[in-house]
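In: just a sequence and a predicted model for now, questions to come.
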Amino acid sequence: MNPVFLYVEDDFSSRQVVKILITRVMKHEHLHIFENSADFMTRVHELAPKPTIIFLDIQMRPHDGYEVLSMLRQDFDFAQITVIAMTANVMSHDVEQLRAAGFNGLIGKPIDNTIFPQLVSRILAGEAIWYLP
């Protein structure tokens, strides 16, 4: 089955980098991008095909990444989905907080063009990735 990605990110340049890496470099066909977390659950339920992996920015509005993760985990259709935090300025104690909240992994920003495709491949293989640049 081909993976379907959703990237929720308010930073334009980060969205562009991930779009290029996933669709052009890695040649994956299905990438949805949300510029914010407004009406998140309504919008995610409307997606076709449904995402199999969600990359979530942590510092965004109106709902931060923790709030969005909580919504997903409480929804029958998305409770088991792989959710990867993507954020800058991460300290080691933040990693533990992300794990405790229920994230399946972390990719720290800024996004490293040379490493990101390898990290995504490992996530697709079922590996938990906790990467800090």
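Out: Now that the structure is in, tell me what you want to look at.

In: I'd say Trp130 and Val95 touch.
Out: Yes: counting by CB atoms under 8 Å, Trp130 touches Val95, with 5.7 Å between them. (Each C-beta comes from the backbone N, C-alpha and C, glycine too.)

In: strands of this protein, start to end?
Out: 4-8, 30-34, 53-57, 82-87, 105-108, 130-131 (DSSP state E).

In: of all those strands, which one is nearest Asp64?
Out: Among these, the nearest to Asp64 by CB to CB is strand 53-57 (8.5 Å).

In: burial count for the residue lying closest to Leu98 once chain neighbours are set aside?
Out: Sequence neighbours aside, Ala85 is the residue nearest to Leu98 in space, at 5.0 Å (criterion: CB to CB, 6 or more residues apart in numbering). When neighbours are defined as other CB atoms under 10 Å, Ala85 has 26 of them.

In: where's Thr52 relative to Asp94, distance?
Out: Between Thr52 and Asp94 the computed distance is 25 Å (CB to CB, to the nearest Å).

In: one more: Val83?
Out: 16 Å.

In: pick out the residue nearest the middle of this structure.
Out: What sits nearest the mean C-alpha location of the chain, by CA atoms, centre = their mean, is Phe55, with 0.5 Å.

In: quick one: residues contacting the nearest residue to it once chain neighbours are set aside.
Out: Spatial nearest neighbour of Phe55, excluding adjacent residues (CB to CB, 6+ apart): Tyr7 at 4.5 Å. By CB atoms under 8 Å, 6 or more residues apart in numbering, the contact set of Tyr7 is 15, 18-19, 22, 31-34, 54-55, 86.
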